[in-house]
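*Asks:* Sequence first, then the predicted structure, then my questions.
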Amino acid sequence: MQANKITKEAFIAFIKSRKYADESDFDFLYEIYEMVIETVNEVSNQAKNEFNVDINHYIVILYILNEYKYFLFTIKNRDKTDVFENTDSLQMIASLCADKFLTNEKLNFKSEAFLNRFNPPISTLDLYLNFSLRTLERISFKDRGATLIRDMLLKALKMGKCILTLLIDGFETEAFSTRRTLHENECIMLCLVKNGKEMYEGYFKHIRYALAYRGQIKNKEEVDQIFEEIKSEMKEHGLKSKDMKKFIEYGYLYSSKEITPENPIKLNFRDGVQKLAGLSSYAKIYEMASEIAHSSPLLLFSRRSYYFEITILNLYESFFRLEMIFEALYKSANSKEVIEQYDRMKKIYLGELHSIYSICKATFLSNKKIDNQK
């Protein structure tokens with residue numbers, strides 16, 4: 001079945017809607033478009049119903065626009081009129097666009113997934129993540145501690161969306177290892193929120209230390225002063241020169257009042273950040289995710305459904321903790337009327353998320369019990 005081309009007028013209207021304003025390119029681009037459609041029609045006739053070649057013309061045009069812009073970038077020292085007169089350039093761009101449309105849109109690799117994006121465990125959490133992210137992007141704070149938490153929360157929630165995308169695309173182990181990074185971010189954030197101003201100041205100070213250590217500060221006198229400060233603080237804590245890197249990375253933890261001779265910490269993630277955050281119960285899962293992130297045999301020889309289930313559960317658990325931080329930020333930056341609207345939304349959807357989590361957890365524990373009995 002032959003796909004009809006859209007008219008030149010419709011073609012131009014669409015590329016103008018994409019903020020493409022150089023009208024001198026329009027004829028050339030439409031000629032490429034015609035060649036791509038002809039190629040796709042030829043493939044469709046030869047395929048004999050082996051795969052569906054329905055054409056989304058606007059996706060074809062987006063391939064063309066981006067391919068053409070990149071092509072111009074690669075030949076930026078040449079006059080564009082030379083390109084228009086060169087049939088080889090025309091055919092090359094058309095061929096690339098046809099190949100990419102057919103392969104990326106029609107023969108795109110897809111791993112079988114356990115849930116799709118419309119399934120409530122995915123769609124409900126995605127709804128809340130979208131609301132939270134759009135809200136956080138509109139909020140600003142004068143206090144740099146609150147700004148830091150806002151930025152860390154934005155990054156954490158974006159990772160939550162990334163994990164959902166990986167899960168619905170059938171990439172469970174990749175989602176599980178990404179959740180490891182989310183967990184690190186979450187633990188640092190919880191430490192900061194729990195310990196307040198002193199730890200915020202310590203964290204900012206150690207950012208400055210890290211910049212000096214990595215050569216990002218160019219003023220030699222300032223760098224020398226920073227390293228003297230680092231050495232002095234390390235001496236106070238009984239650290240040796242070999243401990244400098246981990247002190248720079250984790251030394252801000254010493255500002256916590258929870259650290260005592262009876263409750264010491266180590267300058268690492270597991271026995272430092274994770275412990276102070278109160279999330280040591282995740283140590284084994286974190287270790288497992290680290291093994292996968294470093295391409296151990298677990299990456300290849302693992303039951304997909306297990307990693308899907310444990311990632312969903314861990315993501316929900318992280319989200320519930322992050323939502324409490326979000327709520328505090330949200331309510332500190334909005335009026336009473338807006339907060340009341342948020343409370344109504346939260347009552348519906350957070351309750352739904354807790355219900356979904358309970359069902360997912362019961363299913364996971366049931367499957368785990370069956371596995372243990374085998």
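*Replies:* The structure has been received and is ready for your questions.

*Asks:* Counting neighbours, what do you get for residue 231?
*Replies:* 14 (other Cβ atoms under 10 Å). Backbone N, C-alpha and C define where each C-beta goes, glycine included.

*Asks:* what does the strand or helix carrying it rub up against?
*Replies:* Following DSSP states H and E, one finds residue 231 within helix 220-236. Outside helix 220-236, the residues within contact range by Cβ atoms under 8 Å, 6 or more residues apart in numbering are 208, 209, 212, 217, 240, 241, 243, 244, 247, 248, 251.

*Asks:* Show me what counts as buried in that helix.
*Replies:* 223, 226, 230, 233, 234 (16 or more other Cβ atoms under 10 Å).

*Asks:* for stretch 298-310, same thing?
*Replies:* So stretch 298-310, judged by 16+ other Cβ under 10 Å, has buried residues 299, 302, 306, 307, 308, 309, 310.

*Asks:* circling back: among the contacts of helix 220-236, name the ones in helices.
*Replies:* 208, 209, 212, 244, 247, 248 (DSSP state H).

*Asks:* buried subset of the residues you listed?
*Replies:* Buried among the ones in helices among the contacts of helix 220-236 (16+ other Cβ under 10 Å): 208, 209, 212, 244, 247, 248.

*Asks:* so who does the fourth one touch?
*Replies:* Residues counted as contacts of residue 244 (Cβ under 8 Å, 6+ apart) are 213, 230, 234.

*Asks:* could those go into TSV alongside distance to residue 351 and pLDDT?
*Replies:* Putting the contacts of residue 244 into TSV (distance: Cβ to Cβ, whole Å; pLDDT from 0 to 100) gives the following:
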residue	distance to residue 351	pLDDT
213	47	95
230	49	97
234	49	96
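
*Asks:* hmm, back to that, which one among the contacts of helix 220-236 gets closest to residue 32?
*Replies:* Relative to residue 32, the closest of these is residue 217; by Cβ to Cβ it sits at 49.2 Å.

*Asks:* Next, count neighbours for the closest one.
*Replies:* Around residue 217 there are 14 residues (other Cβ under 10 Å).

*Asks:* my guess is it contacts residue 211, does it?
*Replies:* Yes: using Cβ atoms under 8 Å, residue 217 is in contact with residue 211, at 5.3 Å.

*Asks:* Show me the protein divided up by domain.
*Replies:* The chain breaks down by automatic domain parsing into domains covering 8-106, 120-373.

*Asks:* Let me have these in a markdown table, extended by distance to residue 112.
*Replies:* Conversion of those to a markdown table gives the following (distance: least, Cβ to Cβ, whole Å):
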| stretch | distance to residue 112 |
| --- | --- |
| domain 8-106 | 18 |
| domain 120-373 | 5 |
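
*Asks:* three-state assignment of the closest residue to residue 269 other than its chain neighbours?
*Replies:* Counting by Cβ to Cβ, 6 or more residues apart in numbering, residue 184 is the residue found nearest to residue 269 once chain neighbours are left out, at 6.5 Å. Secondary structure for residue 184, judged by DSSP: H, G, I helix; E, B strand; the rest coil, is helix.

*Asks:* Return the distance of residue 46 relative to residue 213.
*Replies:* Note on residue 46: its distance to residue 213, by Cβ to Cβ, to the nearest Å, is 60 Å.

*Asks:* between those two, which one's more packed in?
*Replies:* Neighbour comparison, residue 46 and residue 213: the larger count goes to residue 213, with 18 against 9 (by other Cβ under 10 Å).

*Asks:* For the nearest residue to the more buried one once chain neighbours are set aside, give its distance to residue 203.
*Replies:* Using Cβ to Cβ, 6+ apart and skipping the chain neighbours, the partner closest in space to residue 213 is residue 248 (5.3 Å). Distance, residue 248 to residue 203, using Cβ to Cβ: 12 Å.

*Asks:* Which neighbouring elements make contact with the lowest-mean-pLDDT helix or strand in the chain?
*Replies:* Here the helix or strand of the chain ranked lowest by mean pLDDT, DSSP states H and E is helix 80-84, holding a mean of 74. If you count contacts as 3 or more Cβ pairs under 8 Å, 6 or more residues apart in numbering; DSSP states H and E, helix 80-84 packs onto helix 57-74.

*Asks:* which parts of the helix it packs on are buried?
*Replies:* Buried-residue list, helix 57-74, by 16+ other Cβ under 10 Å: 57, 60, 61, 62, 63, 64, 65, 67, 68.

*Asks:* which other helices and strands contact that helix?
*Replies:* helix 8-17, helix 26-47, helix 80-84, helix 87-100.

*Asks:* now those helices in CSV, with distance to residue 264?
*Replies:* CSV is the format used below for these (distance: least, Cβ to Cβ, whole Å):
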stretch, distance to residue 264
helix 8-17, 62
helix 26-47, 66
helix 80-84, 67
helix 87-100, 57
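
*Asks:* worst average pLDDT in those helices?
*Replies:* Mean pLDDT per stretch puts helix 80-84 lowest among the helices and strands packed on helix 57-74, at a mean of 74.

*Asks:* So what touches it?
*Replies:* By Cβ under 8 Å, 6+ apart, helix 80-84 touches 24, 25, 28, 71, 72, 75, 89.
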